[in-house]
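1. Sequence and predicted structure, then a few things I'm wondering about:
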Amino acid sequence: MGHATGNEEFRPLKIAVLTVSDSRTEDTDKSGDYLRDALMEAGHEFVGKQIVPDDIYQMRAVFSAWIADPEVEVIISTGGTGVTGRDSTPEAVTPLLDKEVEGFGELYRQISFEEIGASTLQSRCLAGLANGTFVFCIPGSTGACRTAWTKIIQPQLDIRTRPCNFAVLIPRLMEK
């Protein structure tokens with residue numbers, strides 16, 4: 001895993017959190033709250049949070065608005081990445097992506113295997129880029145959010161992480 005060297009100054013990123021759930025509310029959304037608190041504790045700027053049902057079109061509306069908003073550099077969604085009939089986050093997001101970060105899901109499942117064994121197969125988490133915005137779609141449990149944030153997303157959003165990170169690429173994402 002990369003590590004922070006401290007040679008560069010930390011650059012806070014503007015991050016939005018989307019909880020996909022048919023049952024969670026602002027009072028019961030522990031995973032969305034965890035992500036909000038963790039990103040702010042890391043020094044990033046929290047720019048918004050929404051909860052939407054597991055409905056492709058409602059998700060796409062929120063993702064699309066945030067992807068189009070220059071004040072949002074990163075979107076982290078939690079929930080809807082499983083295999084049940086209502087789990088549809090990958091189907092909602094994939095058509096919006098310009099590029100998929102194929103290794104994200106594989107790396108998450110590899111790390112998660114150490115925690116939950118073969119059950120990690122049920123996660124269809126993914127990451128990608130859309131209009132210069134990083135999009136991460138992770139499972140809905142708070143433990144899964146913690147794993148994804150601490151082991152993958154947080155280090156990649158820290159410009160000091162070596163040998164490379166996503167944060168340093170942000171100014172170049174819209175190059176033609």
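-> Perfect, I can see it now.
2. For Glu41, see how far away the closest residue to Gly82 other than its chain neighbours is.
-> Distance criterion C-beta to C-beta, 6 or more residues apart in numbering; nearest residue to Gly82, sequence neighbours excluded, is Gln122 at 5.4 Å. No exception for glycine: its C-beta is placed from N, CA and C like everyone else's. Here the criterion is C-beta to C-beta, to the nearest Å. By it, Gln122 lies 29 Å from Glu41.
3. ok, the two, which is more surrounded?
-> Shown here are Gln122 and Glu41; by other C-beta atoms under 10 Å, Gln122 has more neighbours (15 against 9).
4. which residues of this structure fall in strands?
-> With DSSP state E applied, the chain shows strands at 3-4, 14-20, 45-52, 74-78, 99-100, 126-130, 133-138, 161-162, listed in chain order.
5. Dump these to a markdown table, plus mean neighbour count, distance to Trp66 and mean pLDDT.
-> Putting the strands of the chain into a markdown table (neighbours: other C-beta atoms under 10 Å; distance: least, C-beta to C-beta, whole Å; pLDDT from 0 to 100) gives the following:
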| stretch | mean neighbour count | distance to Trp66 | mean pLDDT |
| --- | --- | --- | --- |
| strand 3-4 | 13 | 27 | 58 |
| strand 14-20 | 25 | 5 | 98 |
| strand 45-52 | 17 | 7 | 98 |
| strand 74-78 | 27 | 5 | 98 |
| strand 99-100 | 13 | 17 | 97 |
| strand 126-130 | 21 | 9 | 98 |
| strand 133-138 | 27 | 7 | 98 |
| strand 161-162 | 18 | 24 | 95 |
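6. Turn the ones you listed into TSV, including distance to Glu115.
-> Below are the strands of the chain laid out as TSV (distance: least, C-beta to C-beta, whole Å):
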stretch	distance to Glu115
strand 3-4	21
strand 14-20	21
strand 45-52	25
strand 74-78	16
strand 99-100	24
strand 126-130	19
strand 133-138	14
strand 161-162	22
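7. neighbours of the closest residue to Asp55 other than its chain neighbours, just the number please.
-> Leaving aside its sequence neighbours, Asp55 sits nearest to Ser88 (C-beta to C-beta, 6+ apart; 7.4 Å). Per other C-beta under 10 Å, the neighbour tally for Ser88 reads 19.
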